[in-house]
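1. Sharing a sequence plus its predicted fold:
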Amino acid sequence: MSHLLEVRDLEVKFALRFGDITAIDGVSFTLDKGERLGLVGESGAGKSVTGFSIINLISKPGFISRGSIHFEGEKISEYSDSKMRRIRGNRISMIFQDPMMTLNPVFTIGFQMIETLRAHRKITKADARAIALEKLKKVHIPSPEQRLDQYPHEMSGGMRQRIIIAISLLADPAIIIADEPTTALDVTIQAEIMDLLQELCETDQMGLILITHDLGVVSQVTEKIAVMYAGKIIEFGPTEQVVHSPVHPYTIGLIGSIPGSMAPGEDLKQIPGMMPTLTDIPPGCAFNPRCELREDICTRETPVLEEKQNGIKAACHMR
Amino acid sequence: MRKKYQQFKDSYFLYSFKNDKVAMLSFVVLLIFLFLALAAPFISPMNPYDAENIDIMNSEIPPMWVEDGTSEFPLGTDNQGRDMLSTMLYGLRTSIIIGLGAVALQAFIGIVVGLMAGYLGGKTDALLMRLADIQFSFPYLMVAIFMSAIFQMAFGLGSFERLAIPLLTIIIGLSNWPMFARTIRASVMGEKTKEYVEAARVIGLPQTTIMFRHVLPNSLTSVMVISTIQVANAIMSEAALSFLGLGMPVTKPSLGSLIRAGQEYFFSGSWWITVFPGIWLVIFVLVINLLGDWLRDVLNPKLYKG
Amino acid sequence: MVAFIIRRMIQALIVMLVISMVGFSIKNNIGDPVRDLVGERVTPEEREQIAQDMGLNDPFLIQYTRFVRQALKGDLGRSFLYNKPNLEVILKHAPATIELLIGTALIIIFVSLPLGVQSALKPKSILSRFTMSFSTLGVSMPVFLTAILLIYLFAVHWQVLPSYGRGETVDVFGNGYWMSGFLTIDGLKHLILPCVSLSSIMLPLFIRLIRSEMMEVLETEYIKYAWAKGLSPRRVWMVHAFKNTLLPVVTVFGVQMGIAFAFTLLTELVFQWQGVGFMFLEAVQRADISLLIAYLVIVASVFVLVNTFVDILYGFINPTVRIAGTK
């Protein structure tokens, strides 16, 4: 069965002065048309790097050392930069974290929207402007005509993020990769933005890869979840299942630490210790130093992601 | 003490220095220059500032490796008959004295102003920075030139010549303090919000103590970085002033005034009067700039890249 | 925005007032206006009478206000050296310096922009490394030394360019006020060496500035986003990165032109260039205080005006400043 997007055994390394370190160690997943996938994990787990790898925008000195990425049947991980450019912002769009930092402060919104369209289509400025207006309305921005001539700093954070979403929709992409889209926003705005994303993906059948550390957000919007830890996917399955009956001890700990997940009066569960940095990953299962279920095998053999229960795959020896 | 020495030896500072050949070479050259300047009265063949030593009949003798040169004047003589080598040594000395003195003065004024503005904030800050900005809007060289011209006219040439060294130090010192003030102020404003300052306040230490004994030492890295640039600037300013005739007088020439004197004779064949002091000046300022570049890279945490 | 402009202009006014006051008090205490007017061969009684007539014995403030009023009418005193009104002397010398500055500015813009951008985009290339090394050297060489060296190479050794003076000039307005060297080949030839010397000190700074600003801009999130949108490298570099780099560079340009002005004194001396710098040095040598103070007041005022203008201009170019109204 061919998927819209397929990531196969992706390995990404960073070439530093004293050697290479592995940021992503053998990650695989697929995304179909209209599917919404959540990529969850702490800072440093490798989720953002995964997102950037898909459109080949990993910051130097990072590079793909193994594996491949396929989009609409094509092996895009081997594309030249000029071919990749035709995909970025066009077939696969990306939304970054902080809308204030993402929009260029010295150009108007209209300028930044029109140039995106004209980079991928041969159309006139007038036509591009019309499409831009249409997309602005789609993301429910009031008085869109005026917004086109305004500068980023003249708007609120929530409005800026909507504009970024509008920009990502301009070329009617097949997939949107959203990297922590709501982290920099107020809680009330967060919900609005997530609702908007969900609505857009449903109506236009766009695929969504939602990268976040916020379990609450991911459990509402996505259909399947991949949990990442120290560069690997350690749990993968339908959102509903993973959130209500997680398999991997780390995921259990994560779910347990959401405020509100415990009965009133009970302590929030905390996972002792910290996720290892990329240079200090322990042998065997990367999670083993912090795991209650740890046995001898866990310190020697790296567990493989395999089907456990309820359609969930997990990488654990003990479960 | 020993511990501090050990810390220094292990530090990134030293490591970076030893690895950077340019920095090391520059440092060595700088030391040589400093030594020459310090030892000038002892190692130069004659004292060029003493009119008795000069015989106009000796003027424009070429360096000793050229025809007509003698070993008595290894690098030749200038248009007044002074030995080039001696004049250059004394000139270097003068330039260094003025350069360091001026920067010390700039640093002093700038640090006090910047500290007060940054720490006390409010109206003091607004007023002091307004003053600094106003002076800053005029190029410092212009200010120095004006001051020098006015002093010369006010005191008359004779007094000006006698007081040249301290006067030039003051002039150059006063012309460029805003740079220090701004830098320190920025640094202090960053430090002001840190906990150790709050702790000191809570204990009840008086403001001046907090400013000078606590905040200042932590703001010194930025001062160190601009100090090197400022020394280079000060030395170039002195050379420029002397070249214009507004600096060291002809009787006590510095490198700049030598170049000026040499200009007329340069095209008629006595190239050494301009070339030798020129080369010295350029190399000297160059090594200071190179060291300053290295210092800036070392002290700047942002640039800890792979 | 309007408030910002008004505030800046008031500040400019205050500064000019202070400068004129300082200039005037210097003139009062050092100069001898009586001598400036009538020369040396006058008896003490006649001097006293003239001083009284000129109002030299009036209180300071009255003299100062008189000075300001006259200045605003265009009378800045008389040069005893040239025996003409100061304003006229200065205005006649100014075009030479201005043309020097224009030539230098052109060289700086056309050389530093490409080199700076290039060394930011490809920092490890041979051209970039060469540029950076040269710029450290350029900063260490005093402008007058570069000038002498250039004269030797091009005027004496190879004999392709003239070694001093402005060459053939054209009277632009027909009244002797603007003698331009831009309109003749000979004049242009004479402009080359001085402008190159002057720019040698400024180029290093600009190249480094453009390079470091651009490198910083290239690391920003919005540039990364521009890549993510699929824009071509040319667009990302030449439109986005470039405009963001240009903004801080433009402000520095104004300041640097001021510094260039200081260096014109040195250049004019070496090349015997009859600009205001040269005039200033002559005035110092011959102790013409009146001319000197007039020069001080005019130059300082020009600086204040230009700075104010640049500040306001920056407010227009940089959209983020407009609303806040502050730097």
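-> Looks like it came in fine.
2. For chain B, just list every one of the strands.
-> Here chain B has no strands by DSSP state E.
3. Make sure residue A:57 is indeed in a strand.
-> No: secondary structure of residue A:57 (DSSP: H, G, I helix; E, B strand; the rest coil): coil, not part of a strand.
4. And residue A:135, how far from residue C:66?
-> From residue A:135 over to residue C:66 the distance is 69 Å, taken as Cβ to Cβ, to the nearest Å. Placement of C-beta: from N, CA and C, glycine included.
5. And those two? Which one has more around it.
-> Neighbours per residue, other Cβ atoms under 10 Å in any protein chain shown: of residue A:135 and residue C:66, the larger number sits with residue A:135, 24 against 14.
6. The more buried one is in contact with residue A:166, isn't it?
-> Yes: Residue A:135 is within contact range of residue A:166, at 4.2 Å (criterion: Cβ atoms under 8 Å).
7. Can you work out which residues contact both of these two?
-> Common neighbours of residue A:135 and residue A:166 (criterion: Cβ atoms under 8 Å, 6 or more residues apart in numbering or on different chains): residue A:113.
8. for the chain, which helix is longest?
-> All of this refers to chain A. Longest helix of chain A, by residue count under DSSP state H: helix A:187-204.
9. To clarify, I was referring to chain C.
-> helix C:86-121.
10. Check which element follows that one along the chain.
-> Counting by DSSP states H and E, the next helix or strand C-terminal to helix C:86-121 is helix C:126-140.
11. Show me what counts as buried in that next one.
-> C:128, C:131, C:132, C:135, C:136, C:138, C:139, C:140 (16 or more other Cβ atoms under 10 Å in any protein chain shown).
12. got the contact list for the least confident helix or strand in chain A by mean pLDDT?
-> One helix or strand of chain A scores below all others by mean pLDDT, DSSP states H and E: helix A:249-256, with a mean of 82. The contact list for helix A:249-256 (Cβ under 8 Å, 6+ apart) reads A:40, A:215, A:227, A:229, A:234-235, A:242-243, A:246, A:261-262, A:268-271, A:287, A:290-293, A:314, A:316, A:318-319.
13. now with 7 Å?
-> With Cβ atoms under 7 Å, 6 or more residues apart in numbering or on different chains as the test, helix A:249-256 has contacts from A:215, A:227, A:229, A:234-235, A:242-243, A:246, A:261, A:269, A:271, A:287, A:291-293, A:316.
14. next one: stretch C:110-119
-> Residues contacting stretch C:110-119 (Cβ under 7 Å, 6+ apart): C:127, C:128, C:131, C:132, C:203, C:206, C:207, C:210, C:211, C:214.
15. Go again with 6 Å.
-> Defining contact as Cβ atoms under 6 Å, 6 or more residues apart in numbering or on different chains, one finds that stretch C:110-119 is touched by C:128, C:131, C:203, C:206, C:207, C:210, C:211.
16. which parts of that stretch are buried?
-> By neighbour count with 16+ other Cβ under 10 Å, stretch C:110-119 contains the buried residues C:111, C:112, C:113, C:115, C:116, C:117, C:118, C:119.
17. Stretch A:133-151 now?
-> For stretch A:133-151, by 16+ other Cβ under 10 Å, it's A:133, A:135, A:136, A:138, A:139, A:141, A:144, A:147, A:148, A:150, A:151.
18. what is the mean pLDDT for that stretch?
-> Averaging pLDDT along stretch A:133-151 yields 88.
19. out of the buried residues of helix C:126-140, who's nearest chain B?
-> Of all these, residue C:140 has the smallest distance to chain B: 4.0 Å, by Cβ to the nearest Cβ.
20. what residues are up against the closest one?
-> Applying Cβ under 6 Å, 6+ apart to residue C:140 gives the contacts B:282, B:285, B:286, B:289.
21. Select from those residues the one having the most neighbours.
-> residue B:285 (23 neighbours).
22. from what I can see that residue touches residue B:232, true?
-> Yes: contact criterion Cβ atoms under 6 Å: residue B:285 and residue B:232 qualify, at 5.1 Å.
23. Can you tell me the centre-most residue of chain C?
-> A centroid search over chain C (Cα atoms, centre = their mean) returns residue C:261, at 3.1 Å, as the residue closest to the centre.
24. Where does that residue sit: helix, strand or coil?
-> Assigned by three-state DSSP, the conformation of residue C:261 is helix.
25. So it versus chain B, what's the distance?
-> Using Cβ to the nearest Cβ, to the nearest Å, residue C:261 is found at 7 Å from chain B.
26. try residue A:238
-> Taken as Cβ to the nearest Cβ, the span from residue A:238 to chain B is 41 Å.
27. Specify the beta-bridge partners of that residue.
-> Following DSSP bridges, residue A:238 is listed with bridge partners residue A:224.
28. picking that back up, report the lowest-confidence entry in the contacts of helix A:249-256.
-> Within the set of these, pLDDT is lowest for residue A:261 (60).
29. Low-confidence stretches in the stretch 1-150 of chain A?
-> Counting by pLDDT under 70, the low-confidence segments of the stretch 1-150 of chain A come to A:1.
30. Next to chain B in this structure, residues from it, please.
-> Counting by Cβ under 6 Å from any Cβ of the partner chain, the residues of the stretch 1-150 of chain A close to chain B are A:16, A:17.
31. Tell me where chain A has helices.
-> A:47-54, A:81-85, A:99-102, A:109-120, A:125-138, A:144-148, A:157-169, A:187-204, A:215-221, A:239-244, A:249-256.
32. should've said chain C
-> With DSSP H as the criterion, chain C has helices spanning C:2-30, C:33-38, C:44-54, C:60-73, C:86-121, C:126-140, C:143-150, C:185-218, C:221-228, C:233-235, C:242-271, C:276-285, C:289-317, C:319-324.
33. May I see those helices arranged in a markdown table, with mean pLDDT as well?
-> What follows is the helices of chain C, written out as a markdown table (pLDDT from 0 to 100):
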| stretch | mean pLDDT |
| --- | --- |
| helix C:2-30 | 79 |
| helix C:33-38 | 63 |
| helix C:44-54 | 72 |
| helix C:60-73 | 76 |
| helix C:86-121 | 88 |
| helix C:126-140 | 85 |
| helix C:143-150 | 87 |
| helix C:185-218 | 86 |
| helix C:221-228 | 89 |
| helix C:233-235 | 88 |
| helix C:242-271 | 84 |
| helix C:276-285 | 87 |
| helix C:289-317 | 80 |
| helix C:319-324 | 52 |
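34. Let's have the ones you listed in JSON lines, adding distance to residue B:61.
-> As requested, those are arranged in JSON lines below (distance: least, Cβ to Cβ, whole Å):
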{"stretch": "helix C:2-30", "distance to residue B:61": "42"}
{"stretch": "helix C:33-38", "distance to residue B:61": "44"}
{"stretch": "helix C:44-54", "distance to residue B:61": "51"}
{"stretch": "helix C:60-73", "distance to residue B:61": "53"}
{"stretch": "helix C:86-121", "distance to residue B:61": "37"}
{"stretch": "helix C:126-140", "distance to residue B:61": "29"}
{"stretch": "helix C:143-150", "distance to residue B:61": "21"}
{"stretch": "helix C:185-218", "distance to residue B:61": "30"}
{"stretch": "helix C:221-228", "distance to residue B:61": "62"}
{"stretch": "helix C:233-235", "distance to residue B:61": "62"}
{"stretch": "helix C:242-271", "distance to residue B:61": "25"}
{"stretch": "helix C:276-285", "distance to residue B:61": "29"}
{"stretch": "helix C:289-317", "distance to residue B:61": "39"}
{"stretch": "helix C:319-324", "distance to residue B:61": "62"}
